[in-house]
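> Here is the input, now give the coordinates:
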Amino acid sequence: MAAVLVVQVSMTLRLSATAFQDEALYLDAGHQILNSWRHGNPITEDFGSYFSGSPYVYPPLGALADTAGGLAGARLFSLVCCVITTALIASVGRCLYGQTAGVAGAAAFILSGPVIFVGHFATYDAMALMLLVAGLATGLSAAENSRRGRAGLLASCSGFLLAGAVVTKYVAALFVPSILLLILMTVFRMARSPAPDFPGGRRYRESAVRVRSAGRLLCVALGMTVGAVGVVGCWLWLTGTGQLSGLVTTTLSRKALGPTSPVEVARQGLEWAAPTLLVAIVGMVLVGRRRPALTALLLLSSLLPIIFQARSGELTSLHKHVAFGLVFAAPLAGAGVAFILGRIELYDSRRQLAPRLLAVSLAAVMLLASGVRNAHELFRGWADSKPLTALLKTQVRFGSGHYLVEESEVPRYYLEGLTAPWQWSGTYFLYYQDPRNGAAYTGLDAYRHALTDRYFDVVVLRFGPTATLDWQIQDVLNDRTKYRKIARLPEPGGWTVWHRMDS
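Residues are numbered from 1 along each chain as shown. Here you go, the predicted model:
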């Protein structure tokens, strides 16, 4: 197990890139929330209305890590969460298939690129993943425990952790039904385990099984309900119900930002999940017949994010959600590896051991190499923002001036000490009020009126995620009486920078 964790850490720390838009957004939000708690400073945005997780859980913790160690510190916090997740997956595998399968499942979990990626990505995914798996592991321990009081306490902790995972990132709720079913299966499996000293005939034994099942199930269900209700109640009481609109818009009724064909979404998701999923399929073939219901549940749950997002045609964040699904593929993969290791017969002196171990090791290295390559490709998915940040550092000033920047979250994060949050605007939404007649505008009208009035001191576009809007306002920017182009940064960023013309 130690070797598995060392490999995970070493592969994760090899990733390197400047802050992604989401990382910058959540860390900046966390700093604003911490400043609001400490000093009463106003928060410039209603983060809860469009965050896909509570802004009061991960962002402040990420901001504390960022204060201590910068972006590297925030990413290290994610790595710690993912390392704990891997250790917990070993515990889950042990409960379901045995000790060897637990460690092998943890090894299979870290083979895929999304898992390595999430471990070096400063968003709430790693924390939500850790809480979700901790809730599963604790729930399985509660189901296995024969002492009612201890089982109830563990079940309460499980409900607490699962609800915490959902509050941290709302999409974690997609996996809660699968976790509840796994716990339910374990409850009945433990209730049916033989009681050596139980007297009576077959009818009495069947009656005892039903009573034990009902009692254990009631204890676990009540404990999990108490824990979950406690978390959700405290969350809403402390932070208000305004965040529920974010839950609806980002998760329950989310509209795809860039609709993609279901086939392409499924293909991409399966490619990211392939290293772990392939081993899980081997496990299904080798051990699936022993417990078919458990095998089917694990395999289907591992594919949930791919199925869910293929239906909506949403490719955004799929790679991160795939990591959540692999939590369920890992124990099945571990069971398959344990079966293979059992057949190798390590101590059979009549057969040569080296070729067999070499074949298993080579397969593991090839799968890991595939996962590492995917993780590096995901980390190269956005441009290096250092040139833009260096240029803007010469153009901004604290407390005065307004800056319109496509993906403004990144420079706002890096230039936090040189500007105030309210000075930045992005290209997704703008509210502008005409200072002459008080007329209010939103959408394209807001951008065109603000630019015509030379409201922004600096404008930065790259014709990327909001290219449609960028082309619609370019004619105003090309009016030399209003703005002057001062830089065109090279690809892959490709940012074009304009500065306001003085009157």
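
> Give the helix, strand or coil label for residue 487.
Assigned by DSSP: H, G, I helix; E, B strand; the rest coil, the conformation of residue 487 is strand.

> Please state the backbone phi and psi of residue 108?
The phi and psi values for residue 108, taken as degrees, to the nearest 10, are phi -70, psi -30.

> Run through the residues that contact it.
Contacts for residue 108 (Cβ atoms under 8 Å, 6 or more residues apart in numbering) come out as 275-276, 279-280, 329-330, 333-334, 337. (C-beta placed from N, C-alpha, C; glycine too.)

> Try it again at 10 Å.
By Cβ atoms under 10 Å, 6 or more residues apart in numbering, the contact set of residue 108 is 4, 89, 93, 101, 115, 275-280, 282-283, 326, 329-337, 364, 367.

> right, and residue 16 touches residue 375 too?
No. The pair residue 16 / residue 375 is not scored as a contact, 11.3 Å apart, by Cβ atoms under 10 Å.

> Who has more neighbours out of those two?
Per other Cβ atoms under 10 Å, whichever of residue 16 and residue 375 has more neighbours is residue 375, with 26 against 11.

> residues of the host helix or strand of that one that come out buried?
For residue 375, the enclosing helix or strand under DSSP states H and E is helix 354-379. Going by neighbour count (16 or more other Cβ atoms under 10 Å), the buried part of helix 354-379 is 356, 364, 367-368, 370-372, 374-376, 378-379.

> and if you look at stretch 292-301?
Those would be 294-295, 297-299, 301, for stretch 292-301 by 16+ other Cβ under 10 Å.

> cool, stretch 482-489 as well?
So stretch 482-489, judged by 16+ other Cβ under 10 Å, has buried residues 482-483, 489.

> just stretch 399-411 next, same as before
For stretch 399-411, the neighbour count (16+ other Cβ under 10 Å) marks 402-411 as buried.

> Turn the residues you listed into TSV, columns for pLDDT.
Below are the buried residues of stretch 399-411 laid out as TSV (pLDDT from 0 to 100):
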residue	pLDDT
402	95
403	96
404	97
405	96
406	94
407	92
408	94
409	94
410	95
411	95
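
> closest to residue 165 among the residues you listed?
Here the nearest of those to residue 165, counting by Cβ to Cβ, is residue 409; it sits at 24.6 Å.

> Tell me who's in contact with the closest one.
Shown in contact with residue 409 (Cβ under 10 Å, 6+ apart): 19-29, 424, 426.

> one more time with 6 Å, if that's ok
Residue 409 sits next to 21, 24-25 when contact means Cβ atoms under 6 Å, 6 or more residues apart in numbering.

> My guess is residue 43 contacts residue 30. True?
No. With contact defined as Cβ atoms under 6 Å, residue 43 does not reach residue 30; the gap is 10.9 Å.

> Have a look at those two and say which one is more surrounded.
Shown here are residue 43 and residue 30; by other Cβ under 10 Å, residue 30 has more neighbours (26 against 14).

> what are the phi and psi angles of that one?
Residue 30 adopts backbone torsions of phi -60, psi -40, taken as degrees, to the nearest 10.

> same check, this time on residue 496
phi -110, psi 130.

> Report how many residues lie close to it.
Counted with other Cβ under 10 Å, residue 496 comes out at 19.

> Touching, it and residue 490? I think so.
No. Assessed by Cβ under 6 Å, residue 496 is found out of contact with residue 490, at 11.1 Å.

> Ramachandran angles for residue 314?
Backbone geometry at residue 314, expressed as degrees, to the nearest 10, gives phi -110, psi 120.

> which stretches of the stretch 51-200 of the chain aren't confidently modelled?
Scanning the stretch 51-200 of the chain for pLDDT under 70 picks out 191-200.

> the strands in it, which residues?
Applying DSSP state E, counting those that start in this stretch to the stretch 51-200 of the chain gives no strands.

> quick one: the helices in it?
Here the stretch 51-200 of the chain has its helices, by DSSP state H, counting those that start in this stretch, at 58-97, 99-109, 113-118, 125-144, 148-168, 176-191.

> could you dump those to CSV with distance to residue 52?
Listed next are these as CSV, based on distance: least, Cβ to Cβ, whole Å:
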stretch, distance to residue 52
helix 58-97, 11
helix 99-109, 23
helix 113-118, 15
helix 125-144, 10
helix 148-168, 10
helix 176-191, 16
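
> Buried deepest among these, which one?
Across the helices of the stretch 51-200 of the chain, averaging neighbours per residue (mean count of other Cβ atoms under 10 Å) puts helix 113-118 on top, at a mean of 29.

> Show me this structure divided up by domain.
For the chain, automatic domain parsing gives the domain ranges 2-194+220-379, 386-500.

> in the stretch 401-503 of the chain, which ranges drop under the pLDDT threshold?
Applying pLDDT under 70 to the stretch 401-503 of the chain picks out residues 503.

> could you pull out the helices for it?
In the stretch 401-503 of the chain, helices defined by DSSP H, counting those that start in this stretch lie at 409-414, 443-452, 467-477, listed in chain order.

> Figure out which of those is closest to residue 500.
Between residue 500 and the helices of the stretch 401-503 of the chain, the shortest separation by Cβ to Cβ is 9.3 Å, and it involves helix 443-452.
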